[in-house]
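1. got a sequence here, can you build the structure:
(2 chains)
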Protein chains: 2
Amino acid sequence: MIKVVLLGGGNLAFHLTKNLLNNKAVNLIQVYNRSIDKIQYLKSKTAITDNLNALEAADIYVVAVADNAISEVSSKLNFKNKLVVHTSGAANLNELKSKSNKGVFYPLQTFSKENKIDFTSIPICIEAETKTDLDLLEKLAKSIAKKYYLINSEQRKHLHVAAVFVNNFVNHLYHIGNEICEENGIPFEILHPLIEKTSKKIVEIPPLKAQTGPAKRNDTKTIKNHKAILNKQQKEIYNLLTKSIQNTYGKKL
Amino acid sequence: MIKVVLLGGGNLAFHLTKNLLNNKAVNLIQVYNRSIDKIQYLKSKTAITDNLNALEAADIYVVAVADNAISEVSSKLNFKNKLVVHTSGAANLNELKSKSNKGVFYPLQTFSKENKIDFTSIPICIEAETKTDLDLLEKLAKSIAKKYYLINSEQRKHLHVAAVFVNNFVNHLYHIGNEICEENGIPFEILHPLIEKTSKKIVEIPPLKAQTGPAKRNDTKTIKNHKAILNKQQKEIYNLLTKSIQNTYGKKL
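-> The predicted model follows:
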């Protein structure tokens, strides 16, 4: 059994705590949060604390706090010869300021408290400084998810921005689609099957090959018609993404 | 049984033909294409022709040709008192130049020949000039798909551009994500579960509420780090979409 202390009370910490409490390979011996109120609900299930000097002895300390708190929280972990990992996609391994060995345990998914999370399908990106620590993180990752990947800090930085494109920005395009529908009395649900299909297609075909539409086929008439009915912000985005698609496929506007 | 003649040999025509041949409510009596070679494979299943003056008498003529050919092909349909529909999201009802009644039968999905198409889950957008014609199109739509919608030409124009945002542009963002991964030795499949989750989320929560990420929470440090590692084209898109998200949520950069 891997002894784990988890630090944090945000969305990821919430879901991870739930998973670790039901994980047969793990003994979640303690949860820390700076505000004890937020983790009172765990009282009957494991030890809780709001005191960083009262952490129990564990194999792994999972610092699942906001990116800008990783340095501060970890700098207060004065023990040695343990493994301290953060869970952030955006933070370098070296943002950990603890005296122990450092590592990263980054589950790549979008977390919100309402949403149910099935960790088995979430890829875990791990990084460590020693083979022993990596083995330990591999064991932890395997106990939680089907797939894990060795991703170093430099790669993770790029992976994180790629995730912004395919998640945050994609969701914003969904919002624009929704907005256009609402303004014209069209139920947004008409677009749901198209959205689903588009996202599923790229699992089989690389997105470069899956591309369709007026920009790709250089259909200037349709492009002109589209621009005529968009608002300023929408048109700016339309122009730039159309240009980017045409650059990708070597066509000029 | 609805008697149908289908005109066209492209992707949509291909899939629609296949569906109509196996549709119990429809008798697909003839398929036309300007190049007979492309529809030779249908010879044993229905009548085929490359002569617009040799079309048989049917209830509905489905003009499933490229947008820029709708006017020309339909202008050669000289018969009256029938229903002639096109299948385009981008073309107005009035691009049909036939002497018969006009209508639109637009299945909203992305079609490519390789991909298997399940029409039952594709929304069909229909439009007609008379109640009788609308009833007929409703009957046809119901025989093919679970859901159909009455969408007029003005609405369809907006729906079509909304589809470009949630399909063509989204796919291009997937491509950028893939590109960033490849350049850094990261398997793109790490992002597949995130992509799937993002697309599924909006069926339950409107995209306006589902938005997460550094732009939404105004995390200037992460935004700065991201910009530092993108190429020119990627950065332009990053900047514009970040700005658009921040405008949407009333935050200033």
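2. could you list every residue that touches the closest residue to chain B within the stretch 51-200 of chain A?
-> Of all residues in the stretch 51-200 of chain A, the one sitting closest to chain B is A:Asn168 (3.3 Å; C-beta to the nearest C-beta). C-beta coordinates here come from the backbone N, C-alpha and C atoms, glycine included. Going by C-beta atoms under 8 Å, 6 or more residues apart in numbering or on different chains, A:Asn168 touches B:211-216, B:241, B:245.
3. among the residues you listed, give me the pair with the biggest separation.
-> By the measure C-beta to C-beta, B:Thr212 and B:Leu241 form the most distant pair in these, at 13.7 Å.
4. so which of these two has more stuff around it?
-> B:Leu241 (24 against 17; other C-beta atoms under 10 Å in any protein chain shown).
5. show me where the stretch 151-253 of chain A has its strands.
-> Counting by DSSP state E, counting those that start in this stretch, the stretch 151-253 of chain A has no strands to list.
6. low-confidence ranges, it, go.
-> Filtered on pLDDT under 70, the stretch 151-253 of chain A yields the residue ranges A:251-253.
7. any chance you could map the helices in it?
-> With helices called from DSSP state H, counting those that start in this stretch, the stretch 151-253 of chain A shows them at A:153-163, A:170-183, A:192-204, A:207-210, A:220-228, A:232-248.
8. tabulate these (JSON lines), appending distance to chain B.
-> Formatted as JSON lines, the helices of the stretch 151-253 of chain A follow (distance: least, C-beta to the nearest C-beta, whole Å):
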{"stretch": "helix A:153-163", "distance to chain B": "4"}
{"stretch": "helix A:170-183", "distance to chain B": "4"}
{"stretch": "helix A:192-204", "distance to chain B": "4"}
{"stretch": "helix A:207-210", "distance to chain B": "4"}
{"stretch": "helix A:220-228", "distance to chain B": "4"}
{"stretch": "helix A:232-248", "distance to chain B": "5"}
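9. want to throw those helices into TSV with distance to B:Pro207?
-> Supplementary listing: the helices of the stretch 151-253 of chain A in TSV, determined by distance: least, C-beta to C-beta, whole Å:
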stretch	distance to B:Pro207
helix A:153-163	17
helix A:170-183	4
helix A:192-204	10
helix A:207-210	20
helix A:220-228	20
helix A:232-248	14
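10. so for B:Lys224, which of these sits nearest?
-> Nearest to B:Lys224 among these is helix A:153-163; the distance by C-beta to C-beta comes to 11.5 Å.
11. between the closest one and helix B:170-183, how many degrees?
-> Helix A:153-163 runs at 170 degrees relative to helix B:170-183, counting by axes from the mean of the first three to the mean of the last three C-alpha atoms, to 10 degrees.
12. what's the angle between helix A:153-163 and helix B:232-248?
-> Going by the same axes, to 10 degrees, helix A:153-163 makes 60 degrees with helix B:232-248.
13. how far off centre is helix A:153-163?
-> Here the centre of helix A:153-163 is set off from its chain's centre by 11 Å, with C-alpha atoms, centre = their mean, to the nearest Å.
14. re the thing from before, neighbour-wise, which one of the contacts of A:Asn168 leads?
-> Once you tally neighbours by other C-beta under 10 Å, B:Ala215 ends up highest among those, having 28 neighbours.
15. surely A:Pro187 is in contact with A:Cys181?
-> Yes. A:Pro187 is within contact range of A:Cys181, at 6.9 Å (criterion: C-beta atoms under 8 Å).
16. more neighbours: these two, which one.
-> Taking other C-beta under 10 Å, A:Pro187 and A:Cys181 do not tie; A:Cys181 has more neighbours (21 against 14).
17. mind listing what that one touches?
-> Shown in contact with A:Cys181 (C-beta under 8 Å, 6+ apart): A:187-188, A:190-191, B:158-159, B:162.
18. can you check A:Val31 too?
-> Residues near A:Val31 by C-beta under 8 Å, 6+ apart: A:5-7, A:9, A:13, A:17, A:39, A:42, A:46-49.
19. now do 6 Å
-> A:6, A:17, A:39, A:42, A:46, A:48 (C-beta atoms under 6 Å, 6 or more residues apart in numbering or on different chains).
20. neighbours of the residue lying closest to A:Gly8 once chain neighbours are set aside, just the number please.
-> Distances taken as C-beta to C-beta, 6 or more residues apart in numbering or on different chains put A:Ala64 closest to A:Gly8, at 3.7 Å, once the chain neighbours are dropped. Neighbourhood size, A:Ala64 [other C-beta under 10 Å]: 26.
21. you'd agree A:Ala64 is up against A:Asn11?
-> No. Applying C-beta atoms under 6 Å as the test, A:Ala64 and A:Asn11 come out as separate, 9.2 Å apart.
22. follow-up on the earlier one: most neighbours among the contacts of A:Cys181, please name it.
-> Within the contacts of A:Cys181, most neighbours by other C-beta under 10 Å means B:Ala162, with 30 neighbours.
23. that residue is in contact with A:Ile180, isn't it?
-> Yes. With contacts counted by C-beta under 6 Å, B:Ala162 reaches A:Ile180, the gap being 4.1 Å.
24. hey, what's the residue nearest to A:Tyr32 when sequence neighbours are not counted bridged with?
-> Closest residue to A:Tyr32 in three dimensions, ignoring its sequence neighbours and counting by C-beta to C-beta, 6+ apart: A:Leu7, at 4.5 Å. Taking DSSP bridges as the rule, A:Leu7 bridges to A:Tyr32, A:Val63.
25. need the pLDDT of A:Asp59.
-> Looking at A:Asp59, its pLDDT is 97.
26. sec struct for A:Ser143, please.
-> At A:Ser143, secondary structure determined by DSSP: H, G, I helix; E, B strand; the rest coil is helix.
27. nearest residue to it other than its sequence neighbours?
-> Per C-beta to C-beta, 6+ apart, closest to A:Ser143 is A:Ala25, 3.6 Å.
28. tell me, how many residues neighbour the spatially closest residue to A:Lys235 that is not a sequence neighbour?
-> Leaving aside its sequence neighbours, A:Lys235 sits nearest to A:Lys227 (C-beta to C-beta, 6+ apart; 5.7 Å). If you count neighbours by other C-beta under 10 Å, A:Lys227 ends up with 14.
29. what residue spans form the domains of chain A?
-> A:2-151, A:156-248 (automatic domain parsing).
30. save those domains as TSV, and put in distance to B:Ala69 too.
-> TSV is the format used below for the domains of chain A (distance: least, C-beta to C-beta, whole Å):
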stretch	distance to B:Ala69
domain A:2-151	43
domain A:156-248	12
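31. B:Ile202: which of the ones you listed is closest?
-> Nearest to B:Ile202 among the domains of chain A is domain A:156-248 (5.2 Å), distances taken as C-beta to C-beta.
32. perfect, that will be all.
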